[in-house]
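Undergrad: need the 3D shape of this:
(chains A and B)
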Protein chains: 2
Amino acid sequence: MLPDTHISLAHGNGGRQMRELIDDLFVRHLGNPGLDANADATPIAPPDQELMVTTDGFTVDPLEFPGGDIGSLAVNGTVNDLAVSGADPHYLTLSCFIEEGFELARLRRLIQSMAAAARTAGVDVVAGDTKVVRRGEGGGVYLSTTGIGTRRRGLVLGIGRIQPGDRILLSGPVGDHGTAVLLARGEFGLRGELRSDCAAVTPICRAVREIDGLRFMRDPTRGGLATVAHEMMRCTGLSIRLREPHIPIRLEVQAVCEMLGYNPLYLACEGRVVAVVAPDAADAALAAMRQAGADAVEIGSVEEAGDMVVLETELGGERLLEELESDPLPRIC
Amino acid sequence: MLPDTHISLAHGNGGRQMRELIDDLFVRHLGNPGLDANADATPIAPPDQELMVTTDGFTVDPLEFPGGDIGSLAVNGTVNDLAVSGADPHYLTLSCFIEEGFELARLRRLIQSMAAAARTAGVDVVAGDTKVVRRGEGGGVYLSTTGIGTRRRGLVLGIGRIQPGDRILLSGPVGDHGTAVLLARGEFGLRGELRSDCAAVTPICRAVREIDGLRFMRDPTRGGLATVAHEMMRCTGLSIRLREPHIPIRLEVQAVCEMLGYNPLYLACEGRVVAVVAPDAADAALAAMRQAGADAVEIGSVEEAGDMVVLETELGGERLLEELESDPLPRIC
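TA: Next comes the predicted model:
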């Protein structure tokens, strides 16, 4: 066990204390046969498939929240970027920025949570790096993870494959993560039972990627569902029509958003998938997603050129859903 | 061109301003056929070799210093971890933590420098992520890069292969980077012409890895040459003998260290290689390194068990070189 209770600059200097921190904390919890803490780079042996890579930074505040923490969030967020690309996640690298004075017991909790999330998602941490920054020069802990996975050759998915008439599916309620983190900040005197949806979406993606007619998948994180809709509109030149009454939003999320003036369609999810499928594949895709445990629903469709994101409201009206401008919730992921 | 001059939280929210920042800055400068800024994960096609991966975080302060900046440092530092592992670097991913209020013109300089370093090192940036943290919650810019390379199957290098009698080679003077960054901080009223040695060591490593009898390579970054010696000692149980008069140290580095009480053997290099070779391979390895442009010298040897790092001094004496304890220079890389 480390004799120290808080992070000091010496934990980042390349010497004894840094070595002990790495051995006792990172290697102990994240260790696996593929991780050699004494090597500068690590061999990764890919199956005979297409290799995929993604990278992500995490700055969530608070670092721990109901349903997750920055450790599980980093693993799941990175795994999910691979999963929605149609890949099977295999390896993670971890780069850790720790603020001087950070409590070691807390760092241990975060790393343990990361290890548990990695086991659940079936990925190995194969390389890592830690840097310690001076007190006041960091937000406690920032993590950066890179994910490496493999995708079956011939599986072609992409935002450019979306066509008019396609259906838009969603794997579960939106806004849980954003709202849970917001409540965990305790700034508004609100409390609740809400938990982040932070989880690996690999099972859902594996199920739906077998469906002929799948065009594109994305996880609606920062900027939420509305931002995914805008990305689809912008990259295709088509219009996106979302049916508000069909979009699942938990009552608690709705209530918090109404009180604080947020729109849940712009809030981050960390365990949801948006899937776009050909019209005749919608039923099969929904069934596959549900089989994988998702509360999947059809929430909209793609229309001929028009360059708009249209929201059909409860009462049959329509309004434009604007692109996100100011940041409603910094450090949400 | 971006209309803004400084980073705001909205540059990190997933919406319009973040998209414009990414398109106008990151994609413009780091773009290549392998980079799809609209994809969650990117396919990387490896040659028929062993894949290698490494990751690194960068927090250097100041962000710009003579001979480099955090952008070129991140590229070279990551490329070098692959190179000393015997790999050819191919791909980089970039995760960027930016503090609210950071000047955009400065960010542009850093990204341009990164792009230039990537071109020189022959690597493509294939995935990226940006996060903006609130004013006061970051040190300006932190970067995390993951490098992916390939290594010829059958090339076996590793710290565990070091044997008694092996010779220790060094590719050039030590302490330049640490001292240049120290001077750039301007805290001590010292000025100088010294430049960081920040550079890709790929050419040197490519040359020396063809030599039969090469056991191990490492770049002496954080903690310097002394820390590499301690790692070799600890992982092998052998003793490491360094000959102080043979270790090249620039006069300016020596002078600054004497004034401020630092030992240059503990200061970071960012463009040097330590290579350990079998005794009968030392001459060929030195010649190969010199052919690749390095001022390579033999600086020591490996001895039977003893678990010590011994420094032979100018006057024929000996002293133990201790493992680094407190951090002489935080945020040096």
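Undergrad: tell me how far stretch A:91-102 lies from the chain's centre.
TA: How far stretch A:91-102 lies from its chain's middle: 18 Å, per C-alpha atoms, centre = their mean, to the nearest Å.
Undergrad: mean confidence for that stretch?
TA: What stretch A:91-102 shows for mean pLDDT is 92.
Undergrad: stretch A:229-239 too?
TA: Across stretch A:229-239, pLDDT averages out at 94.
Undergrad: with just CA atoms, put it into CSV.
TA: The C-alpha trace of stretch A:229-239 is given here as CSV (Å, rounded to 0.1, in the frame of the first residue of the first chain):
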residue,chain,number,x,y,z
ALA,A,229,-29.8,15.2,-35.5
HIS,A,230,-27.9,18.3,-36.6
GLU,A,231,-24.8,16.2,-37.5
MET,A,232,-26.9,14.0,-39.6
MET,A,233,-28.6,16.9,-41.3
ARG,A,234,-25.4,18.7,-41.9
CYS,A,235,-23.5,15.8,-43.3
THR,A,236,-26.3,14.6,-45.6
GLY,A,237,-28.1,17.8,-46.7
LEU,A,238,-31.3,16.0,-45.8
SER,A,239,-33.9,17.0,-43.2
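Undergrad: could I get the buried residue list for it?
TA: Residues of stretch A:229-239 classed as buried: A:229-234, A:236, A:238-239 (neighbour count, 16 or more other C-beta atoms under 10 Å in any protein chain shown). All C-beta spots, glycine's among them, are computed from the backbone N, C-alpha and C.
Undergrad: contacts for it?
TA: Contact with stretch A:229-239 is made by A:159-160, A:162-164, A:216, A:218, A:240, A:242, A:276, A:300, A:302-310, A:321, A:323-324, B:15, B:38, as judged by C-beta atoms under 8 Å, 6 or more residues apart in numbering or on different chains.
Undergrad: ditto for stretch A:178-194
TA: Contact with stretch A:178-194 is made by A:60-62, A:64-67, A:176, A:195-196, A:224, A:250, A:252-253, A:256-257, A:259-260, A:262, A:264, A:267-269, A:329, A:332, as judged by C-beta under 8 Å, 6+ apart.
Undergrad: which among these end up buried?
TA: Using 16+ other C-beta under 10 Å as the burial test, the contacts of stretch A:178-194 include A:60-61, A:64-67, A:176, A:196, A:224, A:250, A:252-253, A:256-257, A:262, A:264, A:267-269, A:329, A:332 as buried.
Undergrad: A:Asn263 and A:Val253 touch, don't they?
TA: No - contact criterion C-beta atoms under 8 Å: A:Asn263 and A:Val253 do not qualify, at 10.7 Å.
Undergrad: what residues does the closest residue to A:Arg152 other than its chain neighbours make contact with?
TA: The shortest distance from A:Arg152 to any non-neighbouring residue, by C-beta to C-beta, 6 or more residues apart in numbering or on different chains, is to A:Gln49 (5.9 Å). When contacts are counted by C-beta under 8 Å, 6+ apart, A:Gln49 touches A:150-153.
Undergrad: ditto for A:Arg241
TA: A:300-303, A:310, A:312.
Undergrad: going by neighbour count, which of the residues you listed comes out on top?
TA: Within the contacts of A:Arg241, most neighbours by other C-beta atoms under 10 Å in any protein chain shown means A:Gly300, with 25 neighbours.
Undergrad: I'd guessed that residue sits against A:His246; true?
TA: Yes - counting by C-beta under 8 Å, A:His246 is a contact partner of A:Gly300 at 7.4 Å.
Undergrad: that older thread, can you flag which of the contacts of stretch A:178-194 belong to helices?
TA: Those of these mapping onto helices are A:176, A:224, A:252-253, A:256-257, A:259-260, per DSSP state H.
Undergrad: so which residues of the stretch 201-333 of chain A form strands?
TA: For the stretch 201-333 of chain A, applying DSSP state E, counting those that start in this stretch gives strands covering A:214-218, A:238-243, A:274-277, A:297-305, A:309-312, A:318-320.
Undergrad: let me see the contact set for A:Met217.
TA: Counting by C-beta under 8 Å, 6+ apart, A:Met217 touches A:83-86, A:157, A:205, A:208-209, A:273-276.
Undergrad: between those residues, which is nearest B:Ser95?
TA: Set against B:Ser95, the nearest of the contacts of A:Met217 by C-beta to C-beta is A:Ser85 (17.3 Å).
Undergrad: that closest one reaches B:Ala41, doesn't it?
TA: Yes - assessed by C-beta under 8 Å, A:Ser85 is found in contact with B:Ala41 at 3.9 Å.
Undergrad: what touches both of those two?
TA: Counting by C-beta under 8 Å, 6+ apart, the residues touching both A:Ser85 and B:Ala41 are A:52, A:54, A:149.
Undergrad: got a winner among those residues for most neighbours?
TA: Most neighbours among the shared contacts of A:Ser85 and B:Ala41, by other C-beta under 10 Å: A:Thr54, with 30 neighbours.
Undergrad: orientation of the host helix or strand of it relative to strand B:50-58 in degrees?
TA: Using DSSP states H and E, A:Thr54 sits within strand A:50-58. On the basis of axes from the mean of the first three to the mean of the last three C-alpha atoms, to 10 degrees, strand A:50-58 is oriented at 10 degrees to strand B:50-58.
Undergrad: who does strand A:50-58 pair up with?
TA: Strand A:50-58 has its sheet partners listed here by DSSP bridges as strand A:141-151 (antiparallel), strand B:42-44 (antiparallel).
Undergrad: just say which of those strands is most tucked in.
TA: Greatest average neighbour count among these goes to strand A:141-151 (a mean of 28), per mean count of other C-beta atoms under 10 Å in any protein chain shown.
Undergrad: what mean pLDDT does that one get?
TA: Strand A:141-151 comes out at a mean pLDDT of 95.
Undergrad: check stretch A:120-127 too.
TA: On average, the pLDDT along stretch A:120-127 is 93.
Undergrad: one more: stretch A:288-300?
TA: Averaged across stretch A:288-300, pLDDT comes to 97.
Undergrad: element containing the residue nearest the centre of chain A?
TA: Note on chain A: the residue nearest the mean C-alpha position is A:Gly77, at 2.9 Å, using C-alpha atoms, centre = their mean. In this structure, A:Gly77 sits in helix A:70-84 according to DSSP H and E.
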